[in-house]
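**Student:** Mind looking at a prediction? Sequence and model below.
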Amino acid sequence: MLARNLRAAPAARQCLRQLSRPTFAQQQFQCKGYATAEGDKVAKFKGQKGSDGKYTVTLIEGDGIGPEIAQSVKDIYSAANVPIKWEPVDVTPTLKDGKTVIPDEAIDSVTRNYVALKGPLATPVGKGHVSLNLTLRRTFNLFANVRPCKSIAGYKTPYDNVNTVLIRENTEGEYSGIEHVVVDGVVQSIKLITREASERVLRFAFQYAQDVGKPKVRVVHKATIMKMSDGLFLNLARDIAKEYPNVEFDAEMLDNTCLKMVTDPIPYNDKVLVMPNLYGDILSDLCAGLIGGLGLTPSGNIGDECSIFEAVHGSAPDIAGKGLANPTALLLSSIMMLQHMGLTQNASSIEQAIFKTLAEGKALTGDLGGKAKTHEYADAIISNLKA
Ligand SMILES: NC(=O)C1=CN([C@@H]2O[C@H](COP(=O)(O)OP(=O)(O)OC[C@H]3O[C@@H](n4cnc5c(N)ncnc54)[C@H](O)[C@@H]3O)[C@@H](O)[C@H]2O)C=CC1
Ligand SMILES: O=C(O)CCC(=O)C(=O)O
Ligand SMILES: [Mg+2]
């Protein structure tokens, strides 16, 4: 298990212990700990302002385009006088006793601040260290990955008014990383689905649906093929649905969801989709494609103690270091973070400036058909903040 590979700080170890022995009450409590993209609900964020009146937020700038887009966030936050100070940390892994280890300073920082904004972290293909993204999610027991996707006013795509939300199980499934060679030429990879993690994310999804006024939960699965693993997830969803009589429940198979989403995503606007890890990973990129690409979609990795906000996209090595990256996805992730922290005024003023800049269309980055560099787009947002 990845978690066992970590030399976790005491509080993180406590998170891991909670993961292995959650009580029903804890699970209920965890359901309240989330952020929305709508700004109407505030999670139980435990951080406190310092004597300077500011919250400290851990900042993991990440790889590839990470530092460029993080710079845009920092510049805009500074211009908007957001009452937070950044605590940058390095998550470059080291090998200790043959295991991938994230520096203690990084773990301690997130544990202390309860919240982090994270740029993309690259994962080597095949050999090399395990995904640090997954490692962070597991270390802090960030059990639900909330991935909203909304059309951008003024940016024309084949579909108007897309407004989907995917909730991805974030700690196990196909991402368990349990693989081995059976014999030469035969490799086995284990998809781990547990009652505990499934119930936790399913309850979260139902609670979320209720709270944000999307009155339907749809579980996305492939229980025809993975009868036991997806079957367990689906059956638990059916059980938990009974606890939420005000929320409609149904189920759909992943391949059918893909077809229907790209044919007409609008029927998904009144639903919250919840699913095992890999399906959420893939479907969230698909959704991003519906509204203009990966430069636009945010996410929140939500746990009962700490939460980490990040874009859906990766490190984009093809455009890194060229000033071409669109920082909107990380910015909108930071808006989710501000809502989570209760800083709703700051969230909405920055959000409005972002959407105004996008709607004006004068300073768009290349992915949206514009010519603006990352910092020029950020400057345009700052001008709109002040307007
Ligand atoms: N949560 C995370 O930190 C994630 C990390 N990754 C890692 O990122 C690395 C690269 O993965 P890829 O498959 O190339 O996916 P990617 O998401 O980095 O890039 C896919 C395509 O989208 C474009 N793109 C992504 N973000 C953009 C932005 N903000 N502005 C403009 N264009 C953008 C890229 O230029 C590229 O053409 C891998 O090492 C992967 O493991 C991938 C996904 C998520
Ligand atoms: O950790 C990785 O390399 C990829 C993660 C990913 O694709 C995601 O979080 O959407
Ligand atoms: Mg992904």
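**Tutor:** Here it is on my side, so go on. Ligands and ions are numbered 1, 2, ... in the order given.
**Student:** What's the end-to-end length of stretch 267-287?
**Tutor:** By CA to CA, to the nearest Å, the extent of stretch 267-287 from end to end equals 13 Å.
**Student:** what about A223, neighbour count?
**Tutor:** Applying other CB atoms under 10 Å, we find 18 other residues in the vicinity of A223. C-beta: built from backbone N, CA, C; applies to glycine.
**Student:** Alongside ligand 2, which residues does the protein contribute?
**Tutor:** Residues of the chain found near ligand 2 (CB under 6 Å from any ligand atom) are T123, S131, N133, L134, D281, V312.
**Student:** so which of these also contact ligand 1?
**Tutor:** Contacts with ligand 1 are made by T123, N133 out of the residues of the chain next to ligand 2, judged by CB under 6 Å from any ligand atom.
**Student:** can the residues of the chain next to ligand 2 go into TSV with extra columns for pLDDT, secondary structure and neighbour count?
**Tutor:** Shown next, in TSV, are the residues of the chain next to ligand 2 (pLDDT from 0 to 100; DSSP: H, G, I helix; E, B strand; the rest coil; neighbours: other CB atoms under 10 Å):
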residue	pLDDT	secondary structure	neighbour count
T123	92	coil	16
S131	90	coil	18
N133	95	helix	21
L134	93	helix	20
D281	98	helix	19
V312	98	coil	24
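**Student:** From what I see, F204 and F143 are in contact.
**Tutor:** Yes: when contacts are counted by CB atoms under 8 Å, F204 is listed as touching F143 (7.2 Å).
**Student:** Help me confirm that E248 comes into contact with V219.
**Tutor:** No: using CB under 8 Å, E248 is not in contact with V219; the gap is 12.0 Å.
**Student:** Tell me, how many residues neighbour the residue nearest to L296 when sequence neighbours are not counted?
**Tutor:** Residue nearest to L296 in three dimensions, not counting chain neighbours: T328, with 5.2 Å by CB to CB, 6 or more residues apart in numbering. Residues lying near T328 (other CB under 10 Å) number 30.
**Student:** T328 reaches G295, doesn't it?
**Tutor:** Yes: applying CB under 8 Å, one finds T328 in contact with G295, separated by 5.6 Å.
**Student:** Just grab the bridge partners of T164 for me.
**Tutor:** Judged by DSSP bridges, the bridge partners of T164 are C149.
**Student:** Mind pulling up the pLDDT for it?
**Tutor:** pLDDT, T164: 96.
**Student:** Moving C-terminal from the worst-scoring helix or strand of the chain on mean pLDDT, which element do we reach first?
**Tutor:** Here the helix or strand of the chain ranked lowest by mean pLDDT, DSSP states H and E is helix 24-30, holding a mean of 26. Following helix 24-30 in sequence order, the next helix or strand is strand 55-60 (DSSP states H and E).
**Student:** Can you spell out which helices and strands pack onto that next one?
**Tutor:** Using 3 or more CB pairs under 8 Å, 6 or more residues apart in numbering; DSSP states H and E as the contact test, the elements touching strand 55-60 are helix 66-79, strand 84-88, helix 104-113, strand 115-118.
**Student:** Show me what counts as buried in the second one.
**Tutor:** Right, strand 84-88. For strand 84-88, a neighbour-count test (16 or more other CB atoms under 10 Å) marks I84, W86, E87 as buried.
**Student:** Each with direction, which strands does that strand pair with?
**Tutor:** Partners of strand 84-88 in its sheet, by DSSP bridges: strand 55-60 (parallel).
**Student:** the helices in the stretch 201-350 of the chain, which residues?
**Tutor:** 229-241, 254-263, 277-291, 328-341, 344-360 (DSSP state H, counting those that start in this stretch).
**Student:** give me the number of residues near S348?
**Tutor:** Look at S348: counted by other CB under 10 Å, it has 14 neighbours.
**Student:** again with the one 10 residues further on
**Tutor:** A count of neighbours around L358, defined by other CB under 10 Å, yields 24.
**Student:** Contact partners for the nearest residue to it once chain neighbours are set aside?
**Tutor:** Of all residues not flanking L358 in the chain, I152 sits nearest, at 5.1 Å (CB to CB, 6+ apart). Applying CB atoms under 8 Å, 6 or more residues apart in numbering, one finds that I152 lies in contact with I291, G292, L296, F355, L358, A359.
**Student:** got the residues you listed as a markdown table, with pLDDT and distance to M341 columns?
**Tutor:** Output for these, formatted as a markdown table (pLDDT from 0 to 100; distance: CB to CB, whole Å):
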| residue | pLDDT | distance to M341 |
| --- | --- | --- |
| I291 | 97 | 26 |
| G292 | 97 | 27 |
| L296 | 98 | 22 |
| F355 | 97 | 21 |
| L358 | 97 | 24 |
| A359 | 96 | 27 |
